[in-house]
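In: Provide a 3D model corresponding to the input given below.
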Amino acid sequence: MSHVTRPHESATRGAGGEPVDAAVLRAGMVYIAGGTFRLGSDAHYPEEAPTHHVAVDGFWIDRTPVTNRQFRRFVEATGYVTCAEISPNPDDYPGARPEMLRAGSLVFTPPPHRVDLRDWSAWWTYRFEANWRQPYGPGSSLRGLADHPVVHVAYRDAEAYAQWAGKALPTEAEWEFAARGGLEGAEFAWGDEWMPHGRSMANTWQGEFPCQNLALDGYERTSPVKSYPPNGYGLYDMIGNVWEWTSDWYRARHASGKPSPCCAPRNPRGGREQDSYDDGQPEIRIGRKVLKGGSFLCAPNYCRRYRPAARHAQPIDTSTCHVGFRCVVRAAAA
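Out: Next up, the predicted model:
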């Protein structure tokens, strides 16, 4: 497995083509030397299978998810407006009620009682004017949340930030390799025990989802980055807190790969955009990207996706209160 090291110093260029000092660019990042590993899992959800070997080249990755403080600097420097702050295009949502085509985002709203766990609408609300500045909707703010992960960012928003920063979004393989922290085949990013010595290792749901949140770790929603121990590569919040965007188009299962390290595909990418559409909504042709890492809403009784191998499909136009991102710089570009 790989180890943390530092490649030669060099320069890259920002979104405007201007030189960016390499040391400035990589501040707050960790270098992952790359290597070959077993991607996926055959023991959990079907979309994580089949397990197979892949290889990734070296890359730098943000030590934490992008925070509200960092995203605010981007917005102030560029005047960028996120997807959640723009009213949806009616052409993209045939059959949608006109009164719902207003700027907003999905906010978790716990029901007061047990509900059918097959019906996600029981706890998700499309809240008008919810966005990264108002994460819980009108009247909320970022007070006290500067060092929490930014949320309510659609794929385009994450990609725009990455380009401005002179970085990129990770592939699924890069993200999973980094999340494993050098532990080949371990169940979690820190080993095979969920709570070693009774200690919470990630911000996940405690209690019966979605109606009972015991918040035993002190966090009802997102937590400040670095609130939990880092993994073996010194990376924080690779598991829990917020799901994170990757650049790969989603497919229902991993492509069948080599069962052994010999001839493992190098720097694999996801499927095709047209294959990522949701079969359950054939009238909506919006591509979906792979999310990784789970969030503060992952719970043993509902979503056991607080593992490096876990993955989830997210439409590129959709933002929520539990999805964020982090960036990479590939060694060849650094």
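In: measure stretch 172-186 end to end?
Out: Using Cα to Cα, to the nearest Å, the end-to-end distance of stretch 172-186 comes out at 17 Å.
In: which parts of it are buried?
Out: 172-183, 186 (16 or more other Cβ atoms under 10 Å). Every C-beta, even on glycine, is put in place using the N, C-alpha and C of the backbone.
In: give me the contacts around it.
Out: Residues outside stretch 172-186 that contact it (Cβ atoms under 8 Å, 6 or more residues apart in numbering): 1-3, 32, 34-35, 37-40, 54, 56, 59, 61, 170, 189-192, 231-233, 235, 238-239, 244, 246, 248, 267-268, 270, 290, 292-293, 308-309, 311, 328.
In: of those, buried ones?
Out: Neighbour-count burial (16+ other Cβ under 10 Å) applied to the contacts of stretch 172-186 gives 2, 32, 34-35, 37-40, 54, 56, 59, 61, 170, 189-190, 231-233, 235, 238-239, 244, 246, 248, 268, 270, 290, 292-293, 308-309, 311, 328.
In: residue ranges of the strands in the stretch 151-300 of the chain, please?
Out: With DSSP state E, counting those that start in this stretch as the criterion, the stretch 151-300 of the chain has strands at 243-249, 288-292.
In: reformat those as a markdown table; add mean pLDDT.
Out: Shown next, in a markdown table, are the strands of the stretch 151-300 of the chain (pLDDT from 0 to 100):
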| stretch | mean pLDDT |
| --- | --- |
| strand 243-249 | 98 |
| strand 288-292 | 98 |
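In: okay if I get the ones you listed as JSON lines plus distance to Cys298?
Out: As requested, the strands of the stretch 151-300 of the chain are exported to JSON lines (distance: least, Cβ to Cβ, whole Å):
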{"stretch": "strand 243-249", "distance to Cys298": "9"}
{"stretch": "strand 288-292", "distance to Cys298": "12"}
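In: quick one: low-confidence parts of this structure?
Out: 1-22, 24-25, 257-260, 333-334 (pLDDT under 70).
In: centre-most residue in it?
Out: Nearest to the geometric centre of the chain sits Glu244, at 0.5 Å (Cα atoms, centre = their mean).
In: nearest residue to Gly271 in space, ignoring adjacent ones along the chain?
Out: Arg251 (3.5 Å; Cβ to Cβ, 6 or more residues apart in numbering).
In: count of neighbours near the one you found?
Out: 17 (other Cβ atoms under 10 Å).
In: report the contact partners of it.
Out: Arg251 neighbours (Cβ under 8 Å, 6+ apart): 270-271, 275-276.
In: using neighbour counts, trim those to the buried set.
Out: Those of those that meet the buried threshold are 270-271, 276, by 16+ other Cβ under 10 Å.
In: nearest to Asp119 among the residues you listed?
Out: Ser276 (23.6 Å; Cβ to Cβ).
In: gap between that closest one and Ala255?
Out: Applying Cβ to Cβ, to the nearest Å, the value for Ser276 to Ala255 is 13 Å.
In: that older thread, beta partners for the residue nearest to the centre of the chain?
Out: Per DSSP bridges, the residues bridged to Glu244 are Lys292, Gly324.
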